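# using only what follows, build the 3D model:
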Amino acid sequence: FIYFDFHKEVSWIKKVQSQEYSRVPGTLSKLADYYLRKRLDILGEKPLVVDRRLGRPFPYMAFWFADAFGLANSEAVRKLALSLVYISICVSARDDLVDAKLRLNGRKVSTHALTCLMDLYYNKYFQIFKALFPPTSRFWYVISNCFNDWQAYEAWSFLFNSLDDFDPLSQHFLRKSSQYLLAITLPTIAATAFLTNNEPKIPQITRYLRYYWMGWKMVDDIKDWERDINTPKFSHSSVI
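Numbers count the residues shown, from 1 in each chain. Model prediction:
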């Protein structure tokens, strides 16, 4: 029920994504289609199947917190859920940019195309918050810190040395390796807090998300170990 209670909202998201996809420039249409239908299953037509080992936080996390905080503005709730969809596309495209292995129709996707797609969807993401908060809002302090943390994670990930002595199940490693997940989800949930006068709860929300994603990191690594063991930096896995 925590998924199907929001069927109408998800249907709205699919409608918006389908309309936006129809306006994506032709040079990016196949790449956008890959993320919307195959990689992230945003426009998938199959019935929703939830992996009980992981749950399905995107975009449902926005609905759950909006419901818990009493955010009655349905348009704002839908837009916040949409923000999680946009940032998911950005993160996935960035991962493929770093891996430099994505191929569509037998051809390697250019880094320029991936960067352009990321910029396209990040602008959509940014515009949602721009419409919700004035320039003077403390929300912008929160989101700027989040994106600084995301960049710090990217630097840590690149510089990480698998030969160093480290404990893959330690709080330090799990916190660092899941840092970007906190950074990309906190802005949406913090926005919900600001819109419902729950700003004092943001530190508590941050702690919750931090430990949620640390746990999710372990479960995801267990699920994906056979695939991860063939990647150059499998040492980022907490279980290999």
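# who touches the helix or strand harbouring residue 207?
In this assignment (DSSP states H and E), residue 207 forms part of helix 202-223. Residues from elsewhere that reach helix 202-223, judged by CB atoms under 8 Å, 6 or more residues apart in numbering: 51, 53-54, 57, 65, 142, 169, 171, 174-175, 177-178, 181-182, 185-186, 189-190, 193, 228, 237-240. Just so you know, the C-beta spots here come from the backbone N, C-alpha and C atoms, and that holds for glycine as well.
# next one: it to chain centre, how far?
How far helix 202-223 lies from its chain's middle: 13 Å, per CA atoms, centre = their mean, to the nearest Å.
# start at 30, not 1
Taking 30 as the first residue, the last one we looked at is helix 231-252.
# follow-up on the earlier one: could you give me the PyMOL syntax to select whichever of the contacts of helix 231-252 are buried?
Listed next is the PyMOL selection for buried residues among the contacts of helix 231-252, using 16 or more other CB atoms under 10 Å:
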select buried, resi 86+94+171+203+206+207+210+211+214+215+218+219+222+257+266+267+268
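# where do the helices of this protein begin and end?
Applying DSSP state H to the chain gives helices spanning 36-50, 55-62, 89-98, 103-128, 140-161, 168-188, 200-206, 208-224, 231-252, 254-257.
# pLDDT of the helix holding residue 236, averaged?
Throughout helix 231-252, pLDDT has a mean value of 94.
# pull out the buried residues from that helix.
For helix 231-252, burial by neighbour count (16+ other CB under 10 Å) applies to 231, 234-235, 238-239, 241-243, 245-247, 249-250.
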